[in-house]
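Trainee: Kindly return the folded structure for what I paste below:
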Amino acid sequence: MLDRKLYRIIIDTLGKAHFEYYPDNFSKRILVQKVLYLLTHGKANPKLHLAYKWSFYLHGPYSSEIAHMVYYMNDFSASLLDETQDILDKQEIEAINHFKEFDKETTPFLDKLSKEDLYEMFATITYISEQVDYNKTSIEQKFGIFKPELREKINMEDFDAILETMTEFNYI
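Mentor: Numbering: from 1, shown residues only. All right, here's what the predicted structure looks like:
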């Protein structure tokens, strides 16, 4: 069965191109997965409640169930847009709008990281913060262990600014 709500969330949050190129473009797949993780996890309120399981994989939090669903939905995307016009409730729309405000605030970090790297960082930090009580030092240390290649791409001042922005928007 198609998850029309998931389709609508991806379209409303990232745009149709991220959905259409999902199967063939690895960076689109990373971005979709990480954005959906942020929308469904962390302290953010409102947030989305989707019945998909997540695990930690090579590029951070990952849901194989979502990956399979998006591949499957792609086969039917031509008919889905019309079928999903008013499918989201008020809390889901608020969560998407909250995320869009967060996304706007993160553009200065794109000078240092690609959007995919940045959202892999956000999702991984959110994942780590759910495993430990919020402690900036612990998060930074664990992030360095889980993602040393990403940690090397950004200095401590920018890492602190990322944590501050994520805290401000209640993702950690």
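Trainee: element containing the residue sitting nearest the centre point of the chain?
Mentor: In the chain, the C-alpha nearest the mean C-alpha coordinate belongs to Val35, at 1.7 Å (Cα atoms, centre = their mean). Assigned by DSSP states H and E, Val35 belongs to helix 26-40.
Trainee: in terms of contact, does Leu88 touch Asp12 like I think?
Mentor: Yes: applying Cβ atoms under 8 Å as the test, Leu88 and Asp12 come out as touching, 7.2 Å apart. Where you see a C-beta, it was placed from the backbone N, CA and C, and this is true even at glycine.
Trainee: number of nearby residues for Ile96?
Mentor: Residues lying near Ile96 (other Cβ atoms under 10 Å) number 19.
Trainee: For the helix or strand that it is a member of, C-alpha coordinates in CSV please.
Mentor: Using DSSP H and E, Ile96 sits within helix 90-105. The C-alpha trace of helix 90-105 is given here as CSV (Å, rounded to 0.1, in the frame of the first residue of the first chain):
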residue,chain,number,x,y,z
LYS,A,90,-2.5,20.8,11.3
GLN,A,91,0.4,19.4,13.4
GLU,A,92,2.1,17.9,10.4
ILE,A,93,1.9,21.2,8.5
GLU,A,94,3.3,23.0,11.6
ALA,A,95,6.2,20.4,11.7
ILE,A,96,7.0,21.0,8.1
ASN,A,97,6.8,24.8,8.5
HIS,A,98,9.0,24.6,11.6
PHE,A,99,11.5,22.6,9.6
LYS,A,100,11.5,25.1,6.7
GLU,A,101,12.3,27.9,9.2
PHE,A,102,15.2,25.8,10.5
ASP,A,103,16.4,25.1,7.0
LYS,A,104,16.5,28.9,6.3
GLU,A,105,18.6,29.4,9.4
